[in-house]
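Chemist: starting from these lines, generate the structure:
(one chain, ligands or ions: 2)
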Amino acid sequence: MHDYKCVIHVHTDNSPDSLASFEDVVLGAAWGKADVVAVTDHDSLALKPKEGWIEAFGHRFLLLVGEEVTTASGGHYLALGIERPVEPGLPAGRVIEEVASQGGAGFIEHPFFKGNPWFRAPAAAWPDWNVAGFTGLSVFNFTSDWGNRITPLGFLLYGAWPGLAVDRPTPKTVKKWDELAGFGRVVGIGTVDAHLYTARLGRWTLEAHPFRYFFHSIRTHILTDQPLSGDLEHDREVFLRALKSGSCFISNDYLGEGEGFLFYAVDETGRVVARMGESVEAPSGVTLVVRCPEIRRAGGVSRGEKGVTLLRVTMIHDGRAELVRTYAVDHGGGGWLMSEKGVTSTPGGRWLMSEKEIKGTPEGVASIQGERSYSNGRFEAVHLAYILNGAPMLTYNVKGTGAYRVEVEMKIHGRLKPWIYSNNIYLTRPDLAE
Ligand SMILES: [Zn+2]
Ligand SMILES: [Zn+2]
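Modeler: Ligands and ions are numbered 1, 2, ... in the order given. Now for the predicted structure:
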């Protein structure tokens, strides 16, 4: 299984609202070490002849060119893998059809973007839910999820600390995604919607959010059986197939590299029966498995509290949180630590119970520690911490049919921020006529 980091939805100066040159894109891709970059200018395929592998600044990446199509109702549809430009101003259903007929993948963009009066950004919401045939939607769009709430002060602030700009997706978008997933596969991707803007401050012209940071932020990681080969036609097909099938996940790589994240379903014998985007008939005995990436601290802002990074993993079934677990990663070399009751302590002396007092060590756990907690001097509870060798792995015995996905959050500067969104695994039970 290969994991490729894709930066999707980049605007160049072929869009009226971005000043980025082609060289800015190449520089950004190299800076962010992106594997695939998809440029999608507004209603334009002008850069299509530039598609292909590019080697620059000691980095090699695949540049693909799509189009962000404006529909009749002012919505934006991200068309990837198309050969001929789609005319703007057509009804949403026609735009979706046109992209599909060219063999492309299409995603509804920022469906609830209200616009931002501070920056004269017009609203670009998607009112046309009465359509079918789209591949999915952009669940996390860096610029519009940020643009929904940014003020001029924030604009300057985030110019200095660009990694903090992006916070979480617009909740309505995530809710819509879950709603749609109840009717069949709808693929969620993360996009940057990168523009190069400048701001005037007296006689100074400032580059707002540094353009290159977009290339190491919200990325869609595609998981493929076949490696990218260096051949444009072949690799574009591999990319499109992963997106269309939902074999991908969203990661805010600025917080920590998402590479290594896996979510799949196994049967009683441990055989993998479904991966992200796939459906499987789910008789009893299906277990969902989540593997978190290892936290690599170099390059990001992964500074946890007191040398410990907290992760919260949530299993979501048809839009409802069904299991929430908190983990702490001790960067002091203690490995992973998981507490049944949420994180109550950090390794290194505060765990009070001896191993003798704890009965039984679950399989795959290197060691186990416990702590008694007291409230007003009275014994309250025992908290157990499992110290794992490597990244945390969570298993979940499925209780019902439906769409299952995973969110991983990371605590940064005292707040939990989304780090990873998986795609759904769909468990069906056709033997029960509904
Ligand atoms: Zn847009
Ligand atoms: Zn855009």
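Chemist: does Gln226 sit in a helix, a strand or a coil?
Modeler: coil (DSSP: H, G, I helix; E, B strand; the rest coil).
Chemist: how about it, phi and psi?
Modeler: Phi and psi for Gln226, reported as degrees, to the nearest 10, are phi -90, psi 140.
Chemist: could you shift the numbering so residue one becomes 29, and keep it that way?
Modeler: Yes, from this point I'll number from 29; that puts the last item at Gln254.
Chemist: what ranges do the helices span in the chain?
Modeler: 50-60, 120-129, 170-175, 180-188, 199-209, 260-273 (DSSP state H).
Chemist: if you compare the ones you listed, which one is most tucked away?
Modeler: Neighbour counts (mean count of other C-beta atoms under 10 Å) averaged over each of the helices of the chain peak at helix 170-175, with a mean of 24. For glycine as for every other residue, the C-beta is placed from the backbone atoms N, C-alpha and C.
Chemist: run the chain-centre distance for that helix.
Modeler: 14 Å (C-alpha atoms, centre = their mean, to the nearest Å).
Chemist: how about stretch 46-59?
Modeler: That offset, for stretch 46-59, works out to 22 Å (C-alpha atoms, centre = their mean).
Chemist: what's the answer for stretch 304-318, then?
Modeler: 21 Å.
Chemist: buried residues in that stretch?
Modeler: For stretch 304-318, burial by neighbour count (16 or more other C-beta atoms under 10 Å) applies to 304-306, 308, 310, 314, 316, 318.
Chemist: what's the end-to-end length of that stretch?
Modeler: End-to-end distance of stretch 304-318 (C-alpha to C-alpha, to the nearest Å): 11 Å.
Chemist: now do stretch 288-298
Modeler: 19 Å.
Chemist: OK, now which residue of this protein is nearest to ligand 1?
Modeler: Nearest residue of the chain to ligand 1 (C-beta to the ion) works out as His104 at 3.6 Å.
Chemist: if I look at that residue, how far off is Gly117?
Modeler: 12 Å (C-beta to C-beta, to the nearest Å).
Chemist: who's more crowded, these two?
Modeler: His104 (27 against 13; other C-beta atoms under 10 Å).
Chemist: just the pLDDT for the nearest residue in space to Trp447 that is not next to it in sequence.
Modeler: Leaving aside its sequence neighbours, Trp447 sits nearest to Met438 (C-beta to C-beta, 6 or more residues apart in numbering; 4.4 Å). pLDDT, Met438: 86.
Chemist: break this protein down into its domains, please.
Modeler: Following automatic domain parsing, the chain resolves into domains at 30-280, 290-456.
Chemist: from those domains, which stretch is densest packed?
Modeler: For these, the largest average neighbour count (mean count of other C-beta under 10 Å) is found in domain 30-280, namely a mean of 19.
Chemist: roughly how far apart are the residue nearest to Tyr32 when sequence neighbours are not counted and Lys33?
Modeler: Excluding its sequence neighbours, the residue lying closest to Tyr32 (C-beta to C-beta, 6+ apart) is Asp63, at 4.1 Å. Look at Asp63 and Lys33: by C-beta to C-beta, they are 5 Å apart.
Chemist: give the contact list for the spatially closest residue to Ile448 that is not a sequence neighbour.
Modeler: Excluding its sequence neighbours, the residue lying closest to Ile448 (C-beta to C-beta, 6+ apart) is Val436, at 4.1 Å. By C-beta atoms under 8 Å, 6 or more residues apart in numbering, the contact list for Val436 reads 289, 320, 339-342, 446-448.
Chemist: same check on Glu79?
Modeler: 91-93, 260, 264.
Chemist: that older thread, hang on, isn't the residue nearest to Trp447 packed against Gly284?
Modeler: Yes: if you go by C-beta atoms under 8 Å, Met438 and Gly284 touch, sitting 6.4 Å apart.
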